[in-house]
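Engineer: Below is the sequence, then the predicted model.
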Amino acid sequence: MDTTAPIADFDAPAAPTPAPAPASSSALPDASASEAVAADRLGASAARERTAVLEELIRTDPGQFRVLTGDRPTGQLHLGHYFGTLHNRVRLQNLGAELFVIIADYQVLTDRDVADNLTTYVEELVLDYLAIGVDPARSTIFTHSAVPALNQLLLPFLSLVSVAELNRNPTVKDEISHSRQSAVSGLMFTYPVHQAADILFCKANLVPVGQDQLPHLEVTRTVARRFNDRYGNGSTVFPRPDALLSSAPLLLGTDGTKMSKSRGNALTLAADADETARLIKGAKTDAERHISYEPATRPEVSSLLLLAALCQGRTPEQVAADIGSAGAAALKRTVTEAVNEYLAPIRARRRAYAQDRALLRRILREGNERANAVADATLAEVRTAMNSHY
Ligand code: TRP
């Protein structure tokens, strides 16, 4: 991202003129689109290599990491989220890293005009986090909108990125093409910079995310570096955080496409055992009776095998071998049992918390208080660095 000419200019401390916005009337010029895709692919393999190094550091000294990650409150979390990122958070917490989990309520407004059911969805997220083992005594769960100093960081940060860079973000482009907004809002273009504030307000140095978030991590690293260069006076105000990619392959939903809240194909953490059984029973498979793990040619069957394997701590090949030629019905029975058994303690904890709304609200309030204290301290430092103490 930092190697192309306009951005190099934007980086140079002696060049105060920002790169001009693209001259074309289209907000998303094609030439830079393919450039961005190529850079993205490069970024992903570098991030995977870096993840291996980080995992080693986590094993030897987890205490050096401050972890921040989070979700948009748009519904209940599902097993794709769980094996993709959620279990990673709890693992890091339990190893001794400091964990911040952000409920990104302002980010909900990026791809829709109205944030419906926000209060309910925020509570659902808190419930899901507590259910999977995020410990509010050690970790901080908080919402964007309750932390003013975090949001204030957005303004100096916005001055550190060019419109051309914002236009190039491949994840934002993708979201614009799937947007439910009547018109693309300014928030859609700027939310990656807001996300930089989410990460940098607490000086997180490790961000467990999926691959789609790598462009945003790159924005965060760029903002941190430019802020330090411009205002740091030789010292590092913000660390440049690393992405920690999950090793779990993508889980498909029950219809064979990507598991997603909005597609109605998701196995949620919150569902009960019967509903889970019903959903898995209706899952798409194929006509071949012999069950084998072949992700390229048998994606639906393989995803079900993978799911059972993740729940049982086995390999998908082992699960397949046990089923042999017993067919799709046997496969589905195995998967249902594996999922329901794995989720039973998580679901029991979720039900217990769900009965105590006052406790939920207190946990969120205390998380918000902690996040505010951290954000206030960082903003004070930023004001000092920028000489804006009045
Ligand atoms: N953009 C993330 C998503 O859509 C959610 C998010 C908001 C996030 N702020 C964050 C993730 C900070 C990691 C770090 O899933």
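Structural biologist: Happy to help now that I have it.
Engineer: For the one residue in the stretch 101-250 of the chain that gets nearest to the ligand, give me phi and psi.
Structural biologist: At 3.5 Å from the ligand, Ala104 is the closest residue in the stretch 101-250 of the chain, using Cβ to the nearest ligand atom. Placement of C-beta: from N, CA and C, glycine included. Dihedral angles of Ala104 (phi, psi; degrees, to the nearest 10) stand at phi -90, psi 80.
Engineer: How far off centre is stretch 252-271?
Structural biologist: Mean-position distance between stretch 252-271 and its chain equals 17 Å (Cα atoms, centre = their mean, to the nearest Å).
Engineer: how many other residues sit next to the residue of the stretch 101-250 of the chain closest to the ligand?
Structural biologist: By other Cβ atoms under 10 Å, 20 other residues sit near Ala104.
Engineer: show me the contacts for it.
Structural biologist: By Cβ atoms under 8 Å, 6 or more residues apart in numbering, the residues touching Ala104 are 70-73, 144, 195, 198.
Engineer: Specify which member of those residues is nearest to Gln355.
Structural biologist: Closest approach to Gln355 among the contacts of Ala104 (Cβ to Cβ): Pro73, at 20.7 Å.
Engineer: secondary structure class for that closest one?
Structural biologist: Here Pro73 is recorded as coil under DSSP: H, G, I helix; E, B strand; the rest coil.
Engineer: Now the most centrally placed residue in the chain: closest residue in space, sequence neighbours ignored.
Structural biologist: Among the residues of the chain, the one closest to the centroid is Val209, at 4.5 Å (Cα atoms, centre = their mean). Closest residue to Val209 apart from its sequence neighbours, by Cβ to Cβ, 6 or more residues apart in numbering: Ala243 at 5.5 Å.
Engineer: The one you found reaches Ala204, doesn't it?
Structural biologist: No. The pair Ala243 / Ala204 is not scored as a contact, 11.1 Å apart, by Cβ atoms under 8 Å.
Engineer: Double-check that Leu68 belongs to a strand.
Structural biologist: Yes. Looking at Leu68 with three-state DSSP, it is inside a strand.
Engineer: Could you say which helix or strand holds the closest residue to it other than its chain neighbours?
Structural biologist: Excluding its sequence neighbours, the residue lying closest to Leu68 (Cβ to Cβ, 6+ apart) is Ala204, at 3.6 Å. Following DSSP states H and E, one finds Ala204 outside all helices and strands.
Engineer: which residues does Ala204 contact?
Structural biologist: Residues counted as contacts of Ala204 (Cβ under 8 Å, 6+ apart) are 66-68, 100, 239, 241.
Engineer: which of the residues you listed sit farthest apart?
Structural biologist: Across the contacts of Ala204 (Cβ to Cβ), the longest gap, 13.8 Å, separates Phe100 and Pro239.
Engineer: all strands of the stretch 201-350 of the chain, in order?
Structural biologist: Counting by DSSP state E, counting those that start in this stretch, the stretch 201-350 of the chain has strands at residues 206-209, 242-245.
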